[in-house]
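Asker: sequence and predicted structure are below.
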Amino acid sequence: MDLKGFAADHMGHFTLYDVPNTAFALLVAALLGLLMGRVGLRMDAAGARRAALWSALSTLAVVFVRAQLPLAVALVALVLLVRPQVTERGERVLLTASVVIGLGCGSGATLIVGALFLPMLLVARWATATESRAAQ
């Protein structure tokens with residue numbers, strides 16, 4: 001197998017144009033979640049950043065399942081499977097992020113998950129910055 005074939009096999013249902021569009025959607029969702037939390041709901045800064053993180057994570061999940069019904073059903077099954085295991089609030093975000101990453105990689109879009117991992121990682125680091133400092 002050549003490099004082009006390998007890349008095509010791991011792009012899933014995405015094209016090269018979908019990667020920057022999805023990264024843009026992820027960052028805009030985080031910004032709008034932040035504004036909704038801070039301005040709309042008058043939350044403190046940490047709460048607004050958590051809203052931004054959930055908005056970005058939801059965007060990533062929907063991007064992976066939007067074109068395929070079997071993936072949407074798989075996401076629902078995964079969430080129902082891991083839901084009883086969640087005990088702490090921080091664990092819930094980690095578990096949801098892990099499920100979304102696993103869903104994307106398992107659906108054959110491994111390169112897309114890798115490309116979108118960096119913006120999602122940056123949003124997650126930013127959203128949890130003060131929470132992790134306060135725990136230390």
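Answerer: All right, it came through fine. Since this is a predicted model, take the numbers as computed values, not measurements.

Asker: wait, what's in contact with Gly108?
Answerer: Gly108 sits next to 9-12 when contact means Cβ atoms under 8 Å, 6 or more residues apart in numbering. Just so you know, the C-beta spots here come from the backbone N, C-alpha and C atoms, and that holds for glycine as well.

Asker: what do you get if the cut-off is 7 Å, keeping everything else the same?
Answerer: The contact partners of Gly108, by Cβ atoms under 7 Å, 6 or more residues apart in numbering, come to 10, 12.

Asker: secondary structure class of the most centrally placed residue in the chain, three-state.
Answerer: Centroid-nearest residue in the chain: Leu57, 3.0 Å away (criterion: Cα atoms, centre = their mean). Secondary structure, DSSP: H, G, I helix; E, B strand; the rest coil: Leu57 is helix.

Asker: which element is Ala51 on?
Answerer: Under the criterion of DSSP states H and E, Ala51 resides in helix 45-65.

Asker: what's the local residue count around the residue lying closest to Ala61 once chain neighbours are set aside?
Answerer: Distances taken as Cβ to Cβ, 6 or more residues apart in numbering place Val100 nearest to Ala61, at 4.7 Å, with adjacent residues excluded. Look at Val100: counted by other Cβ atoms under 10 Å, it has 25 neighbours.

Asker: ok, now how distant is Val100 from His10?
Answerer: 17 Å (Cβ to Cβ, to the nearest Å).

Asker: what do you get for Leu35?
Answerer: Taking Cβ to Cβ, one finds Leu35 at 35 Å from His10.

Asker: so which residues of the chain form strands?
Answerer: Assigned by DSSP state E, the chain shows no strands.

Asker: so, low pLDDT: which residues of the protein?
Answerer: Filtered on pLDDT under 70, the chain yields the residue ranges 1, 84-90, 130-136.
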